[in-house]
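Enquirer: Got a sequence here, can you build the structure:
(3 chains)
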Amino acid sequence: MAAYAIRRLLGAIPTLFIIVTIAFFMMRVAPGGPFDQERTLEATVMANLNATFGLDKPLWQQYFMYLGNLFQGDMGPSFIYRDLRVHQILGEGLPVSMALGAWALVVALVFGTLLGTIAALRQNSTTDFAVIAVATFGITVPNFVVAPVLSLVFAVILSWLPAQGWGDWNQMILPVIALALPQMAVVARLIRGSMIEALRSDHVRTARAYGLPNRIVVVKHALRAAILPVVSYLGPAAAALLTGSIVVEQVFNLPGIGRFFVQGALNRDYTLVMGTVVIVAVFVVVFNLIVDLLYAALDPRVRYD
Amino acid sequence: MLRLSSRTAVLSAALCALLAGSVSAQTYFRGNDGNPETLDQHKTSTVAEANILRDLYEGLVIYNSSAEVIPGVATDWSVSDDGLVYTFNLRDDAKWSNGDPVTAGDFVYSWRRIMAPETGAKYANILYPIKNAEAVNKGEAEGVSMGVEAVDDTTLQITLEQPTPFFIELLTHQTGLPVHPPSVEEHGADFVQPGNLVSNGAYTLVENSLNDKIVLAKNEMFHSADTVMIPEVHYLPFEDRATCVRGWEAGEVHSCSDLPAEDIARLKAEHGDAAKVAPYLGTYYYALNHTDPILADPEVRQALSMVIDREFLADEIFQGTMVAATSFVPPGIGNYATGSPEVEYFGMSMLDREDKAAEILAGKGITPDSPVTIEIMYNTSENHKNAATAIADMWSNFGVKVEYNVRDASAHYAHLRDKGDFDVARAGWIGDYSDPQNFLFMVESDNDGFNYANYNNAEYDALMDKAAAITDLEARSDVLRQAEDMFMRDLPFIPLLYYSSRSLVSPQLKGWESNIQNVHPTRFLSLDG
Amino acid sequence: MTDTTLPDAPVLTQESRSLWATAMLRLRRNRAAMASLVVLIVMLFAGIFGPLVAPHSYAEVYPEFVKVPPSLTPYPQAEAIEPAAQSALRRARLEIGEISISGGQVSIEVASSREIDPRVSRYIDRSDVFSNAETTVADDGLSGVITADVQQLYFLMGTDGNGRDLFSRILISLRISLLIGFLATAVALTIGVLYGATAGFIGGRVDNVMMRIVDILYSLPFIFFVILLVVFFGRNVVLMFIAVGAVEWLDMARITRGQTLSLRRREFVHAAEAMGVSRKAIIRRHIIPNTLGTVVIYMTLLIPKVILLESFLSFLGLGVQEPLTSLGVLIAEGADNMRNAPFMLFWPALTMTALLFALNFLGDGLRDALDPKDR
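Expert: Numbering: from 1, shown residues only, chains lettered A, B, ... in the order given. Below you'll find the predicted structure:
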């Protein structure tokens, strides 16, 4: 298993290289540069800035310089946040985004599983229908609508929770809910489907026939089998959380890295964009690996060697 | 499930009231436009940075709470008769936050640093009026050749390239703020980090976390520290204006530096005076490409300008957060005693304007039956879109069909700067200092950066040159007015609206005065229990 | 990722015809799915023909009616006619006397210290509220009466920030959103099915390389690339389809490949091979038709995904260009205005929710109907 994991990680290196290359040249093909803004800069000033950041060199030279630095673990200086280097910026934002994403994932999994199981146990009842309706609603309403509505209701009108900001635990509640909602909905639907199937399966029927308490049958036997599709959904879920964080961080004013996806690209902060791309790619590779290993752990039929 | 969540919410609400509570009286939570790109006064370019730097540092002269220029580190100054040499006397009790005295030499050091090409200062050109500054910035001259000299520790002499009547006003800009030379020498670019940063203003830097908050604490070394009422300021960067509004309404923020236009009517209705809309030193305009065959005709440009109902734009599209513009230089600007020229058609009724425009355009063969197509280029933003849509509708009655070209800001301005092809392009200009020259210089024929319209009028250039050589403000104002007259006749840019500043200010916060520069130094504010 | 994480591809065990027949039978019994189908067909028709028969053009601007709330009674409402007349005439610098309204006609008494220009009636005409205005000036030229027809404008869902009828905007947005959904899905399906079928059928090293490429693409932060594409190459609707389609084909490729792998071992494929049918022809005639069931299910799930993705791009300000609009653009505008004009959010959001509900339920229904495991 360890050998397999290492092989997978090594195999990711050429992938990363290709991604970095594509991203680098895509950024540079784009019209406009990091110093084009509402207030056009004086020609002299622009020349000085380009020289300071090495933008006056040929593109291929910049590319190899970037690769060289990246190899040494340096993501370069940010073009926009001039007091900071890219690794510092990402270093500050990453823990915030990770905490947000992790909590959202936990909430989505726990409540999604709970709702899905309840619905499956009472298949075709009103409860079941209500769960499906709520779950579908969670998927259909974009979170740039859900997030400000949550903030409006719980912070401005009811004053129960803070409307914005980061640092206190209570500032995390609304963003986590907004982020988790659509994923929770998907998980609930997945669990409901596979649970219904699992409840009909032979080994659950057998367990029931042995007279095991319903709770144990559901949790130990049915849920264990039903959870597999959710595990394979974790990969897409993580990607969706990433996208969602762009919206949620903006609406709740959180200092995560989600905003750099958009702001970095709009500002043409070349190095910051590249840094974000690298981080995300590494994240996806590692996360997929974890998901696969988890799958193997849960499903005895799957083995890696 | 529902019961569960409401119980948690009640619980957390109780806890939240205990922990965070409402805004603490001791700390000023100040909403800012966005995260500053830098706290290095020499690399700065945004309003968000200016707000923070104004609290951290004190320049030779500063703005008071109503944006009047008052002495800062300098106590007084004199100007030579030819208007070229300024001599400043510095106050002897000015100190850096580490106790070092603020000397004339610090300013000399600072200005040599901002002009050094390797600093990569975005706004170096603000100080180009100083003798040899531009040459130094271009790398053609040594820093020592600049017209800045420390006569002694408290006397600073500045020599200019040519008379610049607005020079004192220029020094209020954040690029004129001093750096602490020993910390720059010691930490290099990192002198701006908390712990390294030594400032000479009312506040010092305590914490700087990106996109989260910037914490400033009162500087006890500051010469007027006893008048500073607010001990701590948290600058909160808001990318999304609506978020700041919600934070303010929830009592988490004392002031917001910008408000969403679509929400302004409600805010005024619900919070009255707390929602402030004040004239601002800026103009929202459409640049017309003078190399375009249709738009090259000044009469066509006049006609296009005539039929734009600016009141509609101001009142409906921008919900009263902008003001209909009848000139390029915004009203209320300094050094402009004569004021902007009056353009005849702005006094006429919309119908007469439309008739006249239809007549002009028909004379050029442009009628609804033989329409021309014009492309409006604007950068991504909701209100730019709505404004363009409304203007297109106003033009459509006269045989001018509109297509749109939308880009993000970087691509939009790069296209203009690179002299890419366009018909009509949206742009806006916020004055760096309160002087009409700061607006009218944009369309000088040799202004590569801002003359998007490719306007080329030797007469106009001559007037601007003439004004630059006059030290008498009255006489200069007359010449600048002639230039603006020509501007409004030729319309390189169609002025549409004057900007307003929009802020939301808690009644707890005292001393906030709306002003045309939208500057509100924290040292002049106070918080009520 | 490896094959092991692939969702279990349903294996189609019967002849396709009878499969479809049974599937339809099962689908017809699923009331939620049938209701969804009806909703979808209605929306489809609304999107295609709605803009043609809508009372207003989606691009028509009514400057007098910016952000007016939804109403079943026509605008201007009776109490608004007087102020409308006053505001229309304010610029004419006239003193306004009595205003009387009868039937669809309004008559306004005016007076002025200067001679009244008969053209003033055009101020009234210019306003969206009135039409056919005529001025009768008294002999002294200082007073007169303006009469005009009052227009009857219905804004059932209110108007937007430019004074355009929201109902008409929703109709056109439905068209655009559905178009984006279908086209992007079509792009994704075409690429994905062809790619997956080819890889699965040829197998061996080619399969390895092709799936390796899919793996690489999987780890690209694709959302981010869509943003870059849209930012860089302008907001071309066609480009958006391609970009979104290019993002979404990967899943499809993997699912199709899995199915193809199992189909390959089936007798009729072996038979075709033995008869010397070319690989291309086998893929086209046997493999792809047999994967269609899964494809249809996947399509009903992919369309909502694409529509949501488009709305996300709209939230970032990268949506469809004026004067066209999409549900995503309308919802993003509505979200900005949710406190001062909630209806601007409500109606588009309701439409979107109904559309996505229908697509989701139909997708579920189709899956249940086509899934042999449940049989």
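Enquirer: what does chain B put close to chain C?
Expert: B:242, B:260, B:262-263, B:265-266, B:309, B:312, B:316-317, B:349-351, B:380-382, B:385-386, B:388-390, B:393, B:404-408, B:411 (Cβ under 8 Å from any Cβ of the partner chain). (Glycine included, C-beta is placed from N, CA and C.)
Enquirer: From the contact counts, what lies against the longest helix anywhere in chain A?
Expert: Longest helix of chain A, by residue count under DSSP state H: helix A:86-121. Here helix A:86-121 is seen to pack against helix A:126-140, helix A:170-200, helix A:223-226, helix A:228-251, helix A:258-267, helix A:270-298 when contacts are counted using 3 or more Cβ pairs under 8 Å, 6 or more residues apart in numbering or on different chains; DSSP states H and E.
Enquirer: would you turn those helices into JSON lines with mean pLDDT?
Expert: Converted to JSON lines, those look like this (pLDDT from 0 to 100):
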{"stretch": "helix A:126-140", "mean pLDDT": "85"}
{"stretch": "helix A:170-200", "mean pLDDT": "88"}
{"stretch": "helix A:223-226", "mean pLDDT": "80"}
{"stretch": "helix A:228-251", "mean pLDDT": "81"}
{"stretch": "helix A:258-267", "mean pLDDT": "82"}
{"stretch": "helix A:270-298", "mean pLDDT": "83"}
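Enquirer: Single out the most deeply packed of those helices.
Expert: Ranked by mean neighbour count, these are led by helix A:258-267 with a mean of 25 (mean count of other Cβ atoms under 10 Å in any protein chain shown).
Enquirer: How about that one and chain B, touching?
Expert: Yes - contact between helix A:258-267 and chain B, assessed by Cβ under 8 Å from any Cβ, occurs at A:R259, A:Q263, A:L266, A:N267.
Enquirer: you'd agree the third one is up against B:D408?
Expert: Yes - in this structure A:L266 lies within contact range of B:D408 using Cβ atoms under 8 Å: 5.1 Å.
Enquirer: coming back round to it: closest one to A:D74 among the helices and strands packed on helix A:86-121?
Expert: Proximity to A:D74 (Cβ to Cβ) singles out helix A:270-298 among the helices and strands packed on helix A:86-121, at 9.8 Å.
Enquirer: The closest one near chain C at all?
Expert: Yes - Helix A:270-298 reaches chain C (Cβ under 8 Å from any Cβ) through A:T276, A:V277, A:V280, A:A281, A:V284, A:V285, A:N288, A:V291, A:D292, A:Y295, A:A296.
Enquirer: check contacts around residue 120.
Expert: Assuming you mean chain A. The neighbourhood of A:A120, defined by Cβ atoms under 8 Å, 6 or more residues apart in numbering or on different chains, consists of A:D128, A:I191, A:R192, A:M195, A:I196, A:L199, A:A226.
Enquirer: look at chain C instead
Expert: By Cβ under 8 Å, 6+ apart, the contact list for C:V120 reads B:L351, C:L89, C:A92, C:L94, C:V110, C:T135, C:I146.
Enquirer: where are the low-confidence patches of the stretch 101-250 of chain C?
Expert: Applying pLDDT under 70 to the stretch 101-250 of chain C picks out residues C:103, C:126-129, C:219-224, C:231-236.
Enquirer: Strands of that one, residue ranges please.
Expert: Secondary structure of the stretch 101-250 of chain C (DSSP state E, counting those that start in this stretch): strands at C:105-111, C:130-137, C:143-150.
Enquirer: Packing partners of the second one?
Expert: In this case it means strand C:130-137. So strand C:130-137, by 3+ Cβ pairs under 8 Å, 6+ apart, packs with helix C:78-90, helix C:121-126, strand C:143-150.
Enquirer: make it 6 Å
Expert: Counting contacts by 3 or more Cβ pairs under 6 Å, 6 or more residues apart in numbering or on different chains; DSSP states H and E, strand C:130-137 is packed against helix C:121-126, strand C:143-150.
Enquirer: could I get the strands of the stretch 101-250 of chain C as a markdown table with mean neighbour count?
Expert: Listed next are those as a markdown table, based on neighbours: other Cβ atoms under 10 Å in any protein chain shown:
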| stretch | mean neighbour count |
| --- | --- |
| strand C:105-111 | 19 |
| strand C:130-137 | 17 |
| strand C:143-150 | 20 |
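Enquirer: out of those strands, which comes closest to A:L59?
Expert: Between A:L59 and the strands of the stretch 101-250 of chain C, the tightest spacing by Cβ to Cβ is seen for strand C:130-137, at 61.0 Å.
Enquirer: Give me the sheet partners of that closest one and which way each runs.
Expert: strand C:143-150 (antiparallel) (DSSP bridges).
Enquirer: Of all residues in the stretch 101-250 of chain A, which one is closest to chain C?
Expert: When scored by Cβ to the nearest Cβ, the stretch 101-250 of chain A has A:T140 as its residue closest to chain C, at 3.7 Å.
Enquirer: Let me know how buried residue 68 is, in neighbour terms.
Expert: Defaulting to chain A. Residues near A:G68, counting by other Cβ atoms under 10 Å in any protein chain shown, number 10.
Enquirer: Can you look at chain B instead?
Expert: Per other Cβ under 10 Å, the neighbour tally for B:E68 reads 12.
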